[in-house]
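# attaching a predicted model along with its sequence, questions to come.
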Amino acid sequence: MAEPADYPPFQLGKPRFEQTSFYGRFRHFLDIIDPRTLFVSESRLKEAVQLLEDYKHGTLPPGVTNKELWGAQKIKQAIIHPDTNETIFMPFRMSGYIPFGTPIWLNQSHNACVNYANRNASKPSPTSKFIQGYLGAVISAVSIAVGLNVLIQRANKFTPATRLLIQRFVPFPAVASANICNVVLMRHTELEEGIDVLDNNGNIVGSSRVAAKHALLETALTRVVLPMPILVLPPIIMSVLEKTSLLRSRPRMILPVQSLVCLAAFGLALPLAISLFPQMSEIETSQLEPEIAMATSSKTVVYNKGL
């Protein structure tokens, strides 16, 4: 029986979907954030890793399909960090971002832990720096959000109608700014020490601070885009749904329906945002430090952007 077209010939370490297009990256990251991977057992994870090892060494059991191999790699990529090869704590995986990051009182703390757990980890980072970054990220994030709201409330030059209009737009700059602070503070050691860059054969060429800046910039941009669908779509959708006879006759259903709409928007926003850039990003060696450019004949190198 022929395999589905969705499962091309397996390539170890390569994405199942084309990464040069936004749609390909979108489908790839839908796999990465699939919440079903949160419930993969330890034994199933070991089976998936072993299957990939068997493929690598040419000792696959007979009858193993491309679908099974891609499924095994999906499990590994969702659970195991690509730099450390260690299992990421379940709530801090990208697949845990939506179910564990939705409660507002947990959001920025959870963001900090997700940013740290899914950083480029090619260089060791002491626990003390994580704690410093965590405290700085959460304090700055909450301060920005609260500060902007207080500023609007105290601005006497706005009419009540104008103040109400501005308040509707405050959540976006507040959340976006807080997210940027969170990423930068949780991953600032990358800027100090650099991150590994690899040639076309996967060999480490050197440690680059320039690549680290690109990695953090790309990740920060995804965190700016992330709140957009969450803050824009639910009000539009609810304004339509609230006019339906179902919600008019059952006003108690408005809150649970709104919660479901917000959760759906949150679920859509994450893969859309992180699909802006490939996880393994490419950069020209001419843009990097001279010692790295001299250490390889490759015109471009790649680095793990983190998620």
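Received the coordinates, thanks. Keep in mind the model is a prediction, meaning the values are calculated, not measured.

# which elements pack onto the strand or helix carrying residue 205?
Per DSSP states H and E: residue 205 is located in strand 204-208. Using 3 or more Cβ pairs under 8 Å, 6 or more residues apart in numbering; DSSP states H and E as the contact test, the elements touching strand 204-208 are strand 195-198, helix 290-294. Placement of C-beta: from N, CA and C, glycine included.

# which one of these is the most hemmed in?
Neighbour counts (mean count of other Cβ atoms under 10 Å) averaged over each of these peak at strand 195-198, with a mean of 24.

# now do stretch 293-302, average pLDDT.
When the per-residue pLDDT values of stretch 293-302 are averaged, the result is 85.

# could you check how far that stretch is from the centre of its chain?
Going by Cα atoms, centre = their mean, to the nearest Å, the spacing between the C-alpha centre of stretch 293-302 and its chain's C-alpha centre is 27 Å.

# go on, stretch 204-218?
Its chain's C-alpha centre lies 17 Å from the corresponding centre of stretch 204-218 when counted by Cα atoms, centre = their mean.

# do stretch 194-208 as well
From the chain centre to the centre of stretch 194-208 is a distance of 22 Å (Cα atoms, centre = their mean).

# residues of it that come out buried?
194-199, 205-208 (16 or more other Cβ atoms under 10 Å).

# for stretch 274-290, same thing?
Of the residues in stretch 274-290, those with enough neighbours to count as buried (16+ other Cβ under 10 Å) are 274-279, 281, 283, 285, 288-289.

# thought residue 29 was touching residue 275?
Yes. Contact between residue 29 and residue 275 holds when scored by Cβ atoms under 8 Å: they sit 5.2 Å apart.

# re earlier: who touches the strand holding residue 205?
Defining contact as Cβ atoms under 8 Å, 6 or more residues apart in numbering, one finds that strand 204-208 is touched by 122-123, 193-199, 285, 288-289, 291-292, 295-296, 298, 301, 303.

# got a list of what residue 226 touches?
Contacts for residue 226 were tallied using Cβ under 8 Å, 6+ apart; they are 179, 269-270, 273.

# can you list these in TSV and add neighbour count?
Conversion of the contacts of residue 226 to TSV gives the following (neighbours: other Cβ atoms under 10 Å):
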residue	neighbour count
179	26
269	20
270	23
273	22
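
# residue 235 and residue 82: what is the separation?
Taking Cβ to Cβ, to the nearest Å as the criterion, residue 235 is separated from residue 82 by 38 Å.

# please apply the same query to residue 96.
The span separating residue 96 from residue 82 equals 17 Å under the rule Cβ to Cβ.

# more neighbours: which of those two?
residue 96 (22 against 17; other Cβ atoms under 10 Å).

# what's near enough to touch that one?
By Cβ under 8 Å, 6+ apart, residue 96 lies in contact with 35, 38, 90, 114.

# and if we set it to 10 Å?
Applying Cβ atoms under 10 Å, 6 or more residues apart in numbering to residue 96 gives the contacts 33, 35, 37-38, 78, 88-90, 110, 113-114, 117.

# please list only the buried members of the residues you listed.
Once neighbours are counted (16+ other Cβ under 10 Å), the buried part of the contacts of residue 96 comes down to 33, 37-38, 78, 88, 110, 113-114, 117.

# can I get those in a markdown table with distance to residue 132, pLDDT and secondary structure?
As requested, these are exported to a markdown table (distance: Cβ to Cβ, whole Å; pLDDT from 0 to 100; DSSP: H, G, I helix; E, B strand; the rest coil):
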| residue | distance to residue 132 | pLDDT | secondary structure |
| --- | --- | --- | --- |
| 33 | 28 | 84 | coil |
| 37 | 31 | 89 | helix |
| 38 | 29 | 89 | helix |
| 78 | 29 | 88 | helix |
| 88 | 21 | 88 | coil |
| 110 | 18 | 75 | helix |
| 113 | 14 | 79 | helix |
| 114 | 18 | 78 | helix |
| 117 | 17 | 79 | helix |
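
# return the member of those residues nearest to residue 171.
Ranked by distance to residue 171 (Cβ to Cβ), the buried ones among the contacts of residue 96 are led by residue 110 at 17.5 Å.

# wait, the closest one sits on residue 93?
No. Using Cβ atoms under 10 Å, residue 110 is not in contact with residue 93, being 11.4 Å away.

# overlap in contacts, the two.
Common contact partners of residue 110 and residue 93 (Cβ under 10 Å, 6+ apart): residue 100.
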